[in-house]
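[1] need a 3D model of the following:
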Amino acid sequence: MVKTIRLVPDEVGSFVEVAGKCDFDVDICYNRYIVDAKSYLGVLGLDFTKKLQVNYDGYNLEFEQYLNTREVG
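    Next up, the predicted model:
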């Protein structure tokens, strides 16, 4: 699955916490930068002025609900 979201620095902790509960890999990226979405420092280092793409291959209801609240069209 691929979803496009927006985050602000204050949301990094909650995003990483929810991603960390997933039993599958979750990556977050923009342009050529790809980081592990379960890494607080990795996600914090992203450019929050850009739309971020979340790539994952699994299903977790809490994670899906979190992404849906931050998804951009």
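[2] strands of the protein, start to end?
    Per DSSP state E, the chain carries strands over the ranges 2-5, 26-30, 33-36, 52-56.
[3] in CSV: those, plus mean neighbour count and mean pLDDT.
    For the C-beta atoms, the positions are set from N, CA and C on the backbone; glycine is no exception. As requested, these are exported to CSV (neighbours: other CB atoms under 10 Å; pLDDT from 0 to 100):
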stretch, mean neighbour count, mean pLDDT
strand 2-5, 15, 97
strand 26-30, 19, 96
strand 33-36, 14, 96
strand 52-56, 19, 97
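[4] quick check: which of those is nearest to residue 20?
    Relative to residue 20, the nearest member of the strands of the chain by CB to CB is strand 26-30, separated by 8.7 Å.
[5] the closest one vs strand 52-56, what angle?
    Taking axes from the mean of the first three to the mean of the last three CA atoms, to 10 degrees, strand 26-30 and strand 52-56 form an angle of 150 degrees between their directions.
[6] ok, back up a step: TSV for the strands of the chain, including distance to residue 63?
    As requested, the strands of the chain are exported to TSV (distance: least, CB to CB, whole Å):
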stretch	distance to residue 63
strand 2-5	10
strand 26-30	8
strand 33-36	14
strand 52-56	8
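[7] figure out which of these is closest to residue 73.
    Across these, closest to residue 73 is strand 2-5 (CB to CB), at 8.1 Å.
[8] could you export that closest one as CSV, CA atoms only?
    Taking C-alpha atoms only, strand 2-5 is exported to CSV below (Å, rounded to 0.1, in the frame of the first residue of the first chain):
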residue,chain,number,x,y,z
VAL,A,2,1.0,3.6,-0.6
LYS,A,3,-0.5,6.6,1.1
THR,A,4,0.5,10.3,0.8
ILE,A,5,0.3,12.2,4.1
